[in-house]
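> Have a look; sequence and predicted model below, questions after that.
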Amino acid sequence: MNPEPKSYDAIIIGAGMSGLAAGIRLAHYEKRVCILERHTTIGGLNSFYRLDGRNYDVGLHAVTNYTPKGAKRGPLARLLRQLRFSWDDLALKPQLGSRVAFPGTQLDFSNDFELLRTEIARAFPSQIDGFDRLTAAVPDYDDLPLDSADASARKFLAQYLSDPLLVEMLLCPLMYYGSAREGDMDVAQFFIMFRSIFCEGFARPAEGIRPILKLLTRRYKELGGELRLRAGVKQIVHEGGRAVGVLLDDGTQLEAREILSSAGYVETMQLCDRADPAVATEAGRLSFVETMSVLDQPAHALGCDRTIVFFNATPEFHWQRPADMVDLRSGVICVPGNFQFGEDHSSEAGLVRVTALANFDRWRALAEPEYRAEKARWFDALSEVAVGYLPDFRNHVIATDMFSPTTVVRYTGHVNGAIYGAPKKRYDGGTFLPNLHLCGTDQGYVGVIGALVSGISMANRHVLQAG
């Protein structure tokens with residue numbers, strides 16, 4: 001005789017940032033919550049691993065949306081209130097300073113918005129009035145025009161800026177850190193990313209993502225939430241037009257009144273047995289490779305003084321899935337040690353990470369020996385590109401690693417290794433079932449803070465406010 005399935009107020013699929021935040025928010029109100037995670041560790045797109053005695057972060061370059069202690073507005077202040085954390089709990093340290101580098105022109109920026117404005121006035125004097133009007137026209141987070149969220153960011157920018165190079169330079173970091181749409185951005189995503197990167201800025205804990213994940217997990221469990229690792233969801237069971245529970249890979253059945261999925265829209269539809277061709281066409285296509293070079297000394301000691309460098313080798317910024325395995329024309333160089341750590345020395349002081357667009361299908365087609373050889377080849381190629389923007393660090397490398405689009409699929413399940421999920425975002429979190437909701441990347445908020453806010457917002461809207 002089979003036992004009765006265990007029942008919950010809410011089941012959350014995925015123990016990433018959004019899933020953990022949703023779980024904490026619901027557990028605060030004594031909801032019976034279970035978070036299900038297929039893998040052996042938490043974090044999703046923002047996880048970590050250990051290799052040859054060293055810790056590496058996955059995903060996290062920097063926490064965006066940084067605001068100083070005491071700030072009352074913005075996503076960071078909101079999530080602290082909603083999750084009942086203090087500002088000191090996250091132990092965030094602001095960036096030293098970053099850069100957008102295009103041929104013949106560069107723009108430095110920091111967490112002080114005035115630096116970017118000054119740089120634009122210097123490099124594009126004819127555009128500064130338009131930039132000021134653009135800045136004034138970017139709405140606050142609570143006033144996003146969700147009725148026209150998928151309008152073109154390029155068309156919006158064209159209303160204020162006439163120099164195409166400045167447009168490309170502004171879009172480059174925003175797209176790299178948050179656009180699933182090839183060639184453009186949804187205007188709502190542009191507003192979110194413009195505020196989070198340029199108006200607020202970058203920060204990082206000295207020990208990377210691990211302290212934040214431990215904080216979230218500890219609070220969730222203290223509130224009575226249940227977390228199951230190695231508990232992959234095989235199917236979302238629905239009857240009579242409602243989700244009724246899930247079937248796990250091991251055959252276990254669980255019931256729930258509400259289900260929140262951070263797996264992604266297409267992936268969630270597949271779990272509902274709705275993997276028809278129309279759904280498949282909604283999958284994102286933008287994926288990345290990333291190299292990690294561990295140095296024998298802090299990167300800043302070699303003259304690598306920028307926190308993050310967004311580079312592009314041509315006047316036009318190409319944001320699409322490349323035909324080749326990797327697109328070397330643009331990318332992101334992150335030096336995780338270049339934050340204001342002071343005496344809290346970062347364990348990642350001697351690390352350089354280089355990220356570039358990649359073609360999932362071409363990486364997937366490789367047999368294992370070819371895969372290893374291609375990783376080595378592209379690692380060298382990306383390092384060669386990086387030293388065009390940083391002092392040459394290659395003679396100081398003592399350890400390396402690299403991930404590809406197939407790695408993204410292995411650890412996140414995202415179709416096509418699409419880091420930012422489907423191009424079409426569902427800001428209300430809705431699906432074809434009234435009690436199955438999206439949170440995380442495909443709901444519309446990206447980055448660590450964005451994912452946390454997404455989980456909070458969807459838990460509030462679809463579970464707590466719904467009773």
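Done, it's in. Numbering: from 1, shown residues only.
> And the pLDDT at Met1?
We have a pLDDT of 45 for Met1.
> Please read the previous query as pertaining to His345.
Taking His345 on its own, its pLDDT is 63.
> Could you do Ala278 as well?
Taking Ala278 on its own, its pLDDT is 62.
> Then Gly467?
Here, the pLDDT recorded for Gly467 equals 64.
> Tell me the first helix or strand C-terminal of the worst-scoring helix or strand of the chain on mean pLDDT.
Between all helices and strands in the chain, the lowest mean by mean pLDDT, DSSP states H and E belongs to helix 277-280, at a mean of 68. Once the chain leaves helix 277-280, the next helix or strand it forms, by DSSP states H and E, is strand 287-295.
> What separation do you get for the closest residue to Leu366 other than its chain neighbours and Leu382?
Leaving aside its chain neighbours, Leu366 sits nearest to Glu374 (6.0 Å; criterion: CB to CB, 6 or more residues apart in numbering). All C-beta spots, glycine's among them, are computed from the backbone N, C-alpha and C. To Leu382, Glu374 is 12 Å away according to CB to CB, to the nearest Å.
> try Asp442
28 Å.
> List the buried residues in stretch 45-60.
45-48, 56-60 (16 or more other CB atoms under 10 Å).
> Asp57 pairs with what?
Per DSSP bridges, the residues bridged to Asp57 are Phe48.
> how many neighbours does the closest residue in space to Tyr141 that isn't next to it in sequence have?
The shortest distance from Tyr141 to any non-neighbouring residue, by CB to CB, 6+ apart, is to Pro75 (6.3 Å). Neighbour count for Pro75, taken as other CB atoms under 10 Å: 24.
> right, and Pro75 touches Ile449 too?
Yes. Between Pro75 and Ile449 there is a contact under CB atoms under 8 Å: 5.0 Å.
> who touches both of these two?
Shared contacts of Pro75 and Ile449 (CB atoms under 8 Å, 6 or more residues apart in numbering): 65, 196.
> in the stretch 201-350 of the chain, which segments are predicted with low confidence?
Along the stretch 201-350 of the chain, segments meeting pLDDT under 70 span 275-278, 343-347.
> can you do 80?
274-280, 342-349 (pLDDT under 80).
> can you give me the helices in it?
Counting by DSSP state H, counting those that start in this stretch, the stretch 201-350 of the chain has helices at residues 210-222, 265-271, 277-280.
> so which of the ones you listed is the most packed in?
helix 265-271 (a mean of 23; mean count of other CB atoms under 10 Å).
> Centre of the chain to that helix, how far?
19 Å (CA atoms, centre = their mean, to the nearest Å).
> Now the longest helix along the chain: buried residues?
Secondary structure of the chain per DSSP state H: the longest helix is helix 368-386. Buried residues in helix 368-386, counted by 16+ other CB under 10 Å: 374-375, 378-379, 381-383, 385-386.
> If we only consider those residues, which is nearest to Phe341?
Of all these, Ala386 has the smallest distance to Phe341: 22.4 Å, by CB to CB.
> Spatially nearest residue to the closest one (excluding sequence neighbours)?
Leaving out its chain neighbours, the residue that sits closest to Ala386 by CB to CB, 6+ apart is Val354, at 4.8 Å.
> What residues does that neighbour make contact with?
Counting by CB under 8 Å, 6+ apart, Val354 has contacts 290-291, 293, 331-334, 382-383, 385-386.
> immediately after the host helix or strand of it, which helix or strand?
Here Val354 sits within strand 351-358, counting by DSSP H and E. Moving toward the C-terminus from strand 351-358, the next helix or strand (DSSP H and E) is helix 360-364.
> Just the mean pLDDT for that following helix, thanks.
On average, helix 360-364 scores 97.
> hmm, who's touching it?
285, 287, 289, 321, 324-325, 371, 374, 404-406, 409, 416-418.
> Could you rerun that using 10 Å?
284-289, 321-326, 370-371, 374-375, 378, 404-409, 414-418 (CB atoms under 10 Å, 6 or more residues apart in numbering).
> Now that we have those residues, which of them are buried?
The buried subset of those (16+ other CB under 10 Å) comprises 284-289, 321-322, 325-326, 374-375, 378, 404-409, 414-418.
> Spell out the secondary structure type for Ser7.
Recorded secondary structure, Ser7: strand (DSSP: H, G, I helix; E, B strand; the rest coil).
> Please parse this structure into its domains.
Domain assignment for the chain by automatic domain parsing gives 6-58+208-283+420-464, 114-193.
> Okay, now the last one: how far is its last residue from its first?
So that's domain 114-193. Distance across domain 114-193, first residue to last, is 17 Å (CA to CA, to the nearest Å).
> Ok, stretch 258-274 next?
First residue to last in stretch 258-274 (CA to CA) measures 19 Å.
> The stretch 1-150 of the chain: strands as residue ranges?
6-13, 33-36, 48-51, 54-57, 92-94, 98-102, 105-109 (DSSP state E, counting those that start in this stretch).
> Which stretches in the stretch 51-200 of the chain count as helices?
Under DSSP H, counting those that start in this stretch, the stretch 51-200 of the chain gives helices at 75-83, 87-90, 113-123, 128-137, 153-158, 164-176, 187-193.
> mind checking which of the ones you listed is nearest Thr314?
When the helices of the stretch 51-200 of the chain are compared by CB to CB, helix 164-176 sits nearest Thr314, at 9.1 Å.
> what angle do that closest one and strand 287-295 make?
Going by axes from the mean of the first three to the mean of the last three CA atoms, to 10 degrees, helix 164-176 is angled at 80 degrees with respect to strand 287-295.
> buried set for helix 164-176?
For helix 164-176, the neighbour count (16+ other CB under 10 Å) marks 165-176 as buried.
> Tell me how far the spatially most central residue of the chain lies from Gly70.
In the chain, the residue lying closest to the centroid (CA atoms, centre = their mean) is Gly447, at 3.6 Å. Distance of Gly447 to Gly70, given as CB to CB: 22 Å.
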